[in-house]
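Colleague: make a model of this:
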Amino acid sequence: MSTAFAFLLLFILVRAQTISRCMKPSSRYLVALKFNSPSRPQNVLPTEKFAVAAEPNYKETDEDIDNAEESHFKWMSDNVHFLSHAKSNLASRQSHGNSSTTPASKRNSGLDKKWRIGKPGLFRGYGVYFSSVDDCVSFMDGIRKYTAQLNGTLANSRVHAVVDRIEEDVRVSLDPEQSARTRNVSVSQTADGTKLNQQFPPWGLDRIGQRNLPLDGLYQYASFAGEGVDAYIVDTGININHQDFQGRAVWGTTKSQGSADVDIHGHGSHVAGTIGGFYSGVAKKVRLIAVKVLDDEGGGSYSELIDGLQWVSEQVARSPEKANRSVVNLSVQGRTSEILNQAIIALNQLGVHIVAAAGNNGVEACGTSPSSATPQTQVISVGATDDVDQVPQYSNFGPCVNILAPGKQIVSVDAKTADGFKELSGTSMASPHVAGSVALLLSYNQSNLKTPQQMKSFLLQQSTKNVIRDTAQGQWIQGSFVNYAGMLYLNAL
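Modeller: Alright, predicted model coming up:
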């Protein structure tokens, strides 16, 4: 085979792959950037060959990274025809906010989202919307040309932005609800020194306060109960007027396009109740902040989820001391997205505690996001248990599940009422038990329980081992033996 023919065949294969990737008109792709420089040799992949001149004692600056990012956008705008309008498209979308309901068929291709989470270079990316296959192909060709150009003049800069990965913006969904029924409740509490006792609480609260069954009908918690801590519920919103929140719930932002500032679906309110409701919650004095990224049917996109995470990072940036006193709950699931995981990890590295539901498909949790962000990070992924210490079949499993918590027939806030409650099941209900526990523990103000690393280590160390009622503390699932994580235990302090 001649060299010319080999190059021709390679060109045809690359072109076919590009066209195949772009066969979905009216779609968005997520783009994550990374930054290479003489002071970051570990960021250069073996397949990349960039002529970056090493400078003795050089250390990149925030300005260098900003300039590298702008150079990337400028080159793309100059060389990909429809991106010349990227800034105007982005400015137009921002000016219309989330009320924009322009049909996909009438939208123009262009840059419509831009993300910066964490310190410069930690996570930067953008969303590109394509209204036609041709525009998508043009963009992918531009990325290849830009990468090739980095071997030339662009590589002479101290820092340059390279495209780390490109992914299709996929839909994200709520954990499937396994049950839903209304419940009548009453609240009774007594004082016991510096702690309070809630009598006849929801069974999940009762269970996390003791090592073993049977339940004793009490939930004991410290009187500060999450006071001074912010809990961000990245979900369908919160009914901030529900009586169980006692005025501690506030509306933060809505990133779900076309959605109103109200929780029509109800999932987010139920999650918020388990985190910090007066009757239904773990941390009864925490501030609850609604970050709506899912619509009234419970659906959304990864780009909207990243929008919500960026908003949280902006709030923390205004008061850096709040990072270690903030917890984010993510009771959502979708297929694995490295770009979403990068955004989550960047927020986590700011000092924000992040707790995520493991998912309800009864499969390996490492195949989904956000659970797949947990290995080698401080993100906490939560599986579900029932009231007899068994793991429901729907709860995802595997090494990407760090801890177990009550997640079946959990009583919490009913968003459709001012004072009602209902039962829901799923790892979506297990995750807020852990998020609420994080909030409560943060309010202890102990120096060894501030950072996400300290908190995750503490919770996993103190979790109750060997209580799951199954042979040899595990079970055969899809041909492999699964060991269970420990169960959340809150009364370790």
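Colleague: mind listing the residues bridging to residue 412?
Modeller: residue 422 (DSSP bridges).
Colleague: I figured it hits residue 425, correct?
Modeller: No: the criterion here is CB atoms under 8 Å, and residue 412 misses it with residue 425 at 11.2 Å. No exception for glycine: its C-beta is placed from N, CA and C like everyone else's.
Colleague: ok, those two, which is more surrounded?
Modeller: Neighbours per residue, other CB atoms under 10 Å: of residue 412 and residue 425, the larger number sits with residue 412, 28 against 24.
Colleague: report the contact partners of the more buried one.
Modeller: Counting by CB atoms under 8 Å, 6 or more residues apart in numbering, residue 412 touches 202, 269-271, 273-274, 277, 280-281, 421-422, 424, 429.
Colleague: could you redo the last one with a cut-off of 7 Å?
Modeller: 270, 273, 274, 277, 280, 421 (CB atoms under 7 Å, 6 or more residues apart in numbering).
Colleague: okay, and which of these map to strands?
Modeller: residue 421 (DSSP state E).
Colleague: quick check: the farthest pair among the contacts of residue 412?
Modeller: Pairwise distances across the contacts of residue 412 peak at 10.9 Å for 274 and 421 (criterion: CB to CB).
Colleague: overlap in contacts of the two?
Modeller: 280, 412.
Colleague: quick one, which of the two is more surrounded?
Modeller: For the pair residue 274 and residue 421, the greater number of neighbours falls to residue 274 (33 against 21), based on other CB under 10 Å.
Colleague: hmm, the more buried one is touching residue 433, no?
Modeller: Yes: here residue 274 reaches residue 433: they are 6.1 Å apart, a contact under CB atoms under 7 Å.
Colleague: all helices for the stretch 201-350 of the chain, in order.
Modeller: Remark: helices assigned in the stretch 201-350 of the chain by DSSP state H, counting those that start in this stretch are 203-208, 267-276, 302-318, 338-349.
Colleague: looking at those helices, which is buried most?
Modeller: Of all the helices of the stretch 201-350 of the chain, helix 267-276 carries the top mean neighbour count, a mean of 31, counting by mean count of other CB atoms under 10 Å.
Colleague: got a list of contacts for that helix?
Modeller: So helix 267-276 is contacted by 174, 226, 231, 233, 235-239, 242, 244, 248-249, 263, 280-284, 286, 288, 290, 298, 329, 331, 410, 412-413, 415, 424, 428-429, 432-433, 435-436, 439 (CB under 7 Å, 6+ apart).
Colleague: pLDDT on that helix, on average?
Modeller: The average pLDDT within helix 267-276 is 98.
Colleague: using PDB, list the CA coordinates for it.
Modeller: Taking C-alpha atoms only, helix 267-276 is exported to PDB below (Å, rounded to 0.1, in the frame of the first residue of the first chain):
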ATOM      1  CA  HIS A 267     -38.700  15.600  43.500                       C
ATOM      2  CA  GLY A 268     -36.400  18.400  44.700                       C
ATOM      3  CA  SER A 269     -38.700  19.400  47.600                       C
ATOM      4  CA  HIS A 270     -38.800  15.800  48.800                       C
ATOM      5  CA  VAL A 271     -35.000  15.700  48.700                       C
ATOM      6  CA  ALA A 272     -34.700  19.000  50.500                       C
ATOM      7  CA  GLY A 273     -37.100  17.800  53.200                       C
ATOM      8  CA  THR A 274     -34.800  14.800  54.000                       C
ATOM      9  CA  ILE A 275     -31.800  17.100  54.200                       C
ATOM     10  CA  GLY A 276     -33.300  19.800  56.300                       C
END
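Colleague: change the start of the numbering to 642 and stick with it
Modeller: Sure thing, new numbering starts at 642, so read that last one as helix 908-917.
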